[in-house]
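Visitor: Structure for the following, please:
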Amino acid sequence: MNSNLIGTLLDSQRVACRVHVNSKKGALDLLSERLAADIETLSQEQVFESLNGRERLGSTGFGKGVALPHGRVANLDRPVGVFLVLDEAIDYDAIDGQPVDLLFALVVPEAATEEHLQIFAALSGLFSDEHVCQRLRACETGNDAELLSLLTGDTASAA
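Guide: I've put the predicted structure just below:
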């Protein structure tokens, strides 16, 4: 897993623990809001349409409580991610039928190809590790720095 690659997508404002949403649409709304929050060239609506459009092709519910919503957007110069741990799992139409409580959303520039695939491979590897997922689920509200450290593999600051 290339955790440095994941680290380029996130900062402490782009991770949150014990977030409440009621539905898949609510999750996509919140993820879109957070993805567009500090990027002047993006709107929440543009990001939502990209994520939702991808969901219409098939659920990005990865399985084992994890979803990786993603999309391509114009006017973006670099990939950006947001990670949420939900306070309660939601129905997400995941491939295994299980509810989702770990969501990592990713938007990439419209022309992104190889980099998008590398990021997706790193995320798939990260969330395939049950130990990592258990530690993420054990996060405490307000401890976003620890959550970020777990995601990026920076165990020195997670201690």
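
Visitor: For residue 66, name its beta-bridge partners.
Guide: residue 63, residue 102 (DSSP bridges).

Visitor: those strands in this protein, which residues are they?
Guide: 15-19, 61-63, 66-67, 70-73, 80-90, 100-109 (DSSP state E).

Visitor: among those, which is nearest residue 39?
Guide: strand 80-90 (6.7 Å; CB to CB). All C-beta atoms are positioned from the backbone trio N, CA, C, and that covers glycine.

Visitor: what about the helices in this protein?
Guide: Assigned helices in the chain, in chain order: 3-7, 24-36, 44-57, 114-128, 130-137, 144-152, 155-158 (criterion: DSSP state H).

Visitor: can you list the ones you listed in a markdown table and add mean neighbour count and distance to residue 103?
Guide: Below are the helices of the chain laid out as a markdown table (neighbours: other CB atoms under 10 Å; distance: least, CB to CB, whole Å):
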| stretch | mean neighbour count | distance to residue 103 |
| --- | --- | --- |
| helix 3-7 | 16 | 14 |
| helix 24-36 | 21 | 6 |
| helix 44-57 | 17 | 10 |
| helix 114-128 | 16 | 10 |
| helix 130-137 | 14 | 11 |
| helix 144-152 | 20 | 12 |
| helix 155-158 | 11 | 20 |
